[in-house]
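1. Give me the fold of what follows.
(2 chains)
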Amino acid sequence: MKKRTFTGLAFVTLVACLIVWGIPSTFARPHEELTFKPIEFKPPAPEKRMLSNGMVLYLIEDHELPLFNINGLIKTGDIYDPADKVGLSSIFASVMRTGGTVSREPDALNEELESMAASVEVGMSREYGTVNLSTLAEDLEKGLEIFADVLRNPAFREDKLELRKQQSVERIRRRNDNPIQLAWRNFSAMLYGTDHPFGWYTEIEGIESITVDDLKAFHAKYYHPNNMMLAITGDFDTETLIAQLEKVFEGWESADIAFPDVPTVDSTPAASVNYIFKDLPQSVMLIGHFGIKRTPDFPDFFALRVMNDILGEGGFTSRLMKEVREKAGLAYMVGSIMQTTYYTNPGEWFAYSQTRTEKTAEAISLIIDVVKGLRDAPVPDAELQRTKDSLINSFVFGFESSSQIAFQQMMLAYRGYAPDFLETYTDNIAKVTAADVQAVAQKYLRPDALTIVTVGNKANFDRSLDEFGEVNEIEIAQPAPPPAEPMPEASEGDTAKAKEVLAAAVDAHGGLEKLQSVKNIVVEARITADSPMGQMQVEAMSYYLYPDKLRQDLKLPQMEITQIYDGSAAFAVTPMGVQPFPPEAADAFKNSIAREPVWLLTRLLENDTQVQYAGSEDVQDKPTHILLVSEPSGEVLRLFISDETHYIVKLAYREAVQGVVTNHETFLGDYRDVDGIKIAHHVLQNADGELSSDTSVTGVTFNAELEESLFQEPK
Amino acid sequence: MKQIRYLLILFFLALQGIASAQDLSDRVVEHIFPNGLKLLMIKRDTSPTIAPYILFKAGSVDESDDSRGIAHMLEHMLFKGTKSIGTKDYEKEQVVLAEIDRIGDALDMERAKGSRGDADKIAELEEALKAQQELAKEWIVTGEYTEIYTQHGSTGFNAGTSVDYTIYTVELPSNKLELWAILESDRIKNAVLREFYVEREAVKEERRMRVDTRPGGKLYEQFMATAFTAHPYGIPIIGWPSDIAMLNRRKAEEFFRVHYAPNNSVMVIVGNIDIDKTISLIEKHFGDIPSQPLPPEVTTEELPQEGERRVDVEFDAEPQLMIGYHKPTLPHFDDYVLDFISAILSDGRTSRFYKNIVEEGIAVSANSLNGYPGARYDNLFVVDATPRSPHTTADVEEAVYAELERLKTEPVVEKEFKRILKQVDASFIRGLSSNAGMAQQLAFYEGIAGSWRYILGWRENIYKVTPEDIMRVAKTYFTKSNRTVGTLVKKEAVAPAGEDTEGSE
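-> Numbers count the residues shown, from 1 in each chain, chains lettered A, B, ... in the order given. Down below sits the predicted model:
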């Protein structure tokens, strides 16, 4: 059963210092006189074991500190998200931990772990899932029991799923804030298209559709002992631990898993130049194409490792850093990354830079030149030697801690690397020649077929991006509208009290029968409104046609404008012509009809609309009752009804336009009788606490003769 | 130098341990050389690697008004080599460097005139500068200093500048200790700040990346500038753009000469070393650097805040919030109490912010941090939070204040106390598991708190905190008049309309 995966690895590192410039320097270079004793180091080798249920373990006992760690790997990943529920696997991972277990409420689980300064965390990547335990050695047994409980019995409680979904939606709303994120999302989507798990990103609709059952199904499918490996390190005794693991996982059966097919992409690179507007003083640029899909037999790996280090992965000494930053001062962050570890798809290769707007094209073109340079000429010997030395000499940093060593072994096995990969690593790097580097550059770098994504403000670019190819301008959709604030849970008492307050209000405004008779309302008013140009006097004639049509003729100081909502769309008729409003604005018109007091009261009393009583509050020093009403948009409308007059004296609601939320308050006063119905003749409108308009009503007519054409788009 | 972190040090996360406290005090070996250089060592043989760090007590607070940003700029420049590294012939090179300085100065002066500057003269000087920079290329070997480290297997070769100090970090295979001693002592003795004006452009890009294009960076900068009106903690480490534009080699050399003294630094080496051999090796390479009189500490004091300060930052991004309260720095006892309070508020899923703000859906994140932006002088207790729409920053503020008020009136219960003390002890032990982590901790506390033993005393003091202390401290500092509130406010970007705004072609 015992199997040593690698043993007796000795790192012998001798560095030949080749840095000779041929010119006698006036200053000594004593570092060149040094010789280095070879390092003889035998890193601890993980012991590989298998539990009776098929779970594979990589174990290293390490008694330096009284700590205990498990890093687990599960064969699953984002790649198995269903196309209509993108984000499922990462939400699954969060809620597997935050949702508690069948026997442990979330709060109890958190309390138990944190009171022993331990943690259990669950994560998700493209091609695998993770689960970790970290605890003091004294709490090992309790830690193991909780770890197994989370793995085996997650409860996925509904409220924690809801919270996580809300957080995902908020992330979607914020995803254009950071220009790097914005560029990256579009870069992978350009390569893979949005139909492929490597290219898609979460959208609000998919997130909203995720249910507890989805999470349970995901768990049932992938979380089995034979589908996971654990790297275990720290202050423990192996045989005792194995027995403890057998115990906590007792009865957890292995299962056959049918992994869904992951679409594979046609990785022939195709050139495209893409531009996204963001008004910033610095552009973000990503330039690249597909990376390389890992195959078990991957002979080019070592030459690629050297080539990528020289190009842009080698930190400070890479060519991109040297040319773009150190010599040209065109960036602070610049480099490249080639993904070669994915086994289902090739991943991405890209060079990146952030460069001031007025040097954008210059930086792109310099980066492309550096890429071409690796194809066009062999790497000079000194640079090649330096890079190989660097990789060989720093290899020891892969073995700094036992947890790093055990995790690395497990990961190499998971990805199917050759068993002697580490033992032969330094030798294989040493063998790489300049011709090998040039050959892999020519084979894998395709400067003729680059996908370029630039985020910035082209108005200030040094040159047009046309020189790199036809520019595709990507319009970034507005962030999703913010989620509606949910109605609180109602109690029976709340609902009964609400009905009572409502009935009194209907009576005070004229009685149900009277209110029901109103089919349209025409209001003449003078409005003082705040506008970007300052205060403005507007004369307004508004026509409300129940249930869903509205027209406003507005006489502004400079011109006359008509706004029409025809029941589905809204437009503005201006001296410059007819312009449609965005759909969100049309919804705002619709909502304003629904909030017209006459119909609001009728609707609430007539229908069994959900109304709740939410206590009392003073409005303008007078006591009122607060009613909560669910609006068609899903938002909550607050109605403040005077305890004295039973009139509606205030409305409060939120509205989202283009992702921006505004808190509105409407104060209704100066109620007067019009044909037996009480109508407010003075209306103050606040937006986010500031006065936005002051309206004096000068005339009200009910059930006027209105032409249908009033509410239609003019031809 | 590469990914320079601002090293906004949070102590609480950092340190700490029970049996390990004893363990740590046994393992640290101190040595002070005659020139005032202090060396701290921990022998740790887990792997054949070492983490040698050097910290200079020279941060952005030590700058003068005419050279804001120079501490950070100098940190970049110290990667450009020495009289023997990075050059083919320093004697010849320095003639060109002097000429570059002369033209660069004239150019900066002319540009600083703004619209009254002479455009022809600027163009002429730019040409002249370019010509000299071309000449210098004949002698300069770009990146050589870094390449030597890289070739020898370095990892984490970097540096960071904070308001309080500058730290130079690297990890190497343990057989490269002397190489490190040679290279580091060479740069202290013989640094040549070549390629200055090109690097200044890279620093401007760094500023754009960290501040001008980042919503959080923008808010942080304005928030600090609002909270501190007298003390230099209010000035950004990287400098204001117009200050960066006037930095030059002369100012950098001056800062270097005044502040980079052996008696103003701490050296820490953790890893697979022989203690005695290490001491003699350091003596050999650093022993001849003379000690020198040190400049005075910052004497400007922030006045007590007399009224709430608020700042809005408009940006094309969703809202964020920062709230800060002035409080004394370490080793004032209240600073320990605030470390404790910070743990109660935002450490883990049992913390109050997480349970009452994040899990309630008011914010997607809410964190407290004690000790910003530095620790040499009185600083801030900061709360930062990201609202979840439809909740606004005002909603989050209200929820945060409710938690701070609770601290004033409700004594913290025993269960909460126990949990936090256990976490303190565990993080102490975990902190001992990495060479680089230990080197960072020792250097920081030796340099900033005056002794690495602060780490041991910290745990003792945390254990002394009582529920009454927490209520008293909350009442003392969490007052409206003592707070600064910064909010990031969404400003819609206006996309240029149509094709007629195509860039200059």
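2. C-alpha only now, for contacts and for neighbours.
-> Fine.
3. residue contacts, A:Leu88?
-> By Cα atoms under 8 Å, 6 or more residues apart in numbering or on different chains, the contact set of A:Leu88 is A:Asp78, A:Asp81, A:Pro82, A:Ile207, A:Ile210, A:Asp214, A:Leu215.
4. Let's see that with 10 Å instead.
-> A:77-78, A:80-82, A:165, A:202, A:206-207, A:209-211, A:214-215, A:218 (Cα atoms under 10 Å, 6 or more residues apart in numbering or on different chains).
5. what's the answer for A:Val683, then?
-> A:527, A:649-650, A:666-670, A:693-697.
6. average pLDDT for stretch B:350-364?
-> Averaged over stretch B:350-364, pLDDT sits at 97.
7. Which pLDDT value goes with the residue nearest to the spatial centre of chain B?
-> With distances taken as Cα atoms, centre = their mean, B:Ser162 lies nearest the centre of chain B, 2.5 Å away. If you check B:Ser162, the pLDDT there is 96.
8. Chain B: which of the contacts of A:Val683 is nearest?
-> Ranking the contacts of A:Val683 by separation from chain B, with Cα to the nearest Cα as the measure, puts A:Thr666 on top at 18.9 Å.
9. how close does the spatially closest residue to B:Ser481 that is not a sequence neighbour get to A:Asp462?
-> Spatial nearest neighbour of B:Ser481, excluding adjacent residues (Cα to Cα, 6 or more residues apart in numbering or on different chains): B:Gly307 at 3.8 Å. Noted for B:Gly307: a distance of 47 Å to A:Asp462, by Cα to Cα, to the nearest Å.
10. between the two, who's got more neighbours?
-> Taking other Cα atoms under 10 Å in any protein chain shown, B:Gly307 and A:Asp462 do not tie; A:Asp462 has more neighbours (17 against 12).
11. Would you mark the buried spots in the lengthiest strand in chain A?
-> In chain A, ranked by residue count with DSSP state E as the criterion, the top strand is strand A:660-674. Residues of strand A:660-674 classed as buried: A:Val660, A:Val661, A:Thr662, A:Asn663, A:His664, A:Glu665, A:Thr666, A:Phe667, A:Leu668, A:Gly669, A:Tyr671 (neighbour count, 16 or more other Cα atoms under 10 Å in any protein chain shown).
12. Stretch B:73-88 now?
-> B:73-88.
13. before we move on, what about stretch B:291-308?
-> B:Ser291, B:Gln292, B:Glu302, B:Gln305.
14. Name the nearest of these relative to chain A.
-> Closest approach between the buried residues of stretch B:291-308 and chain A, by Cα to the nearest Cα: B:Ser291, at 23.6 Å.
15. Please parse the chain into its domains.
-> Picked chain A for this. A:47-248, A:264-393+A:425-473, A:492-711 (automatic domain parsing).
16. wrong one, I was asking about chain B
-> If you go by automatic domain parsing, chain B breaks into B:36-75+B:154-286, B:309-490.
17. a markdown table please, covering the domains of chain A and showing mean pLDDT.
-> Below are the domains of chain A laid out as a markdown table (pLDDT from 0 to 100):
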| stretch | mean pLDDT |
| --- | --- |
| domain A:47-248 | 96 |
| domain A:264-393+A:425-473 | 95 |
| domain A:492-711 | 85 |
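18. ok so, going back, among the buried residues of stretch B:73-88, which are within reach of chain A?
-> Filtering these for neighbours of chain A using Cα under 10 Å from any Cα of the partner chain leaves B:Lys80, B:Thr82, B:Lys83, B:Ser84, B:Ile85, B:Thr87, B:Lys88.
19. just curious, which of these is nearest to B:Leu456?
-> B:Lys80 (38.2 Å; Cα to Cα).
20. separation between the closest one and B:Phe196?
-> 9 Å.
21. Likewise for B:Val95?
-> Distance from B:Val95 to B:Phe196, by Cα to Cα: 15 Å.
22. and those two? which has more neighbours close in?
-> More crowded of B:Val95 and B:Phe196, by other Cα under 10 Å: B:Phe196, with 23 against 11.
23. need the residues of the stretch 251-400 of chain B near chain A, please.
-> B:315-319, B:347-351, B:355, B:358-361, B:363-365, B:386-392.
24. Now with 6 Å, please.
-> B:Ala317, B:Ser389, B:Pro390 (Cα under 6 Å from any Cα of the partner chain).
25. want to throw these into a markdown table with pLDDT and secondary structure?
-> Compiled in a markdown table, these are given as follows (pLDDT from 0 to 100; DSSP: H, G, I helix; E, B strand; the rest coil):
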| residue | pLDDT | secondary structure |
| --- | --- | --- |
| B:Ala317 | 93 | coil |
| B:Ser389 | 90 | coil |
| B:Pro390 | 86 | coil |
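26. thinking again about what came up before, how about the ones next to chain A among the buried residues of stretch B:73-88, which pair is most distant?
-> Applying Cα to Cα across those, the maximum distance is between B:Lys80 and B:Lys88, 13.3 Å.
27. can you count the residues close to A:Pro575?
-> A:Pro575 has 10 nearby residues by other Cα under 10 Å.
28. mind checking how far it is from chain B?
-> Distance from A:Pro575 to chain B, counting by Cα to the nearest Cα, to the nearest Å: 21 Å.
29. neighbouring contacts of the lengthiest helix in chain B?
-> Looking across chain B with DSSP state H, the single longest helix is helix B:90-112. Contacts to helix B:90-112, defined as Cα atoms under 6 Å, 6 or more residues apart in numbering or on different chains, come from residues B:Lys83, B:Gly117, B:Leu125, B:Ala136, B:Trp139.
30. pLDDT of it, averaged?
-> Throughout helix B:90-112, pLDDT has a mean value of 97.
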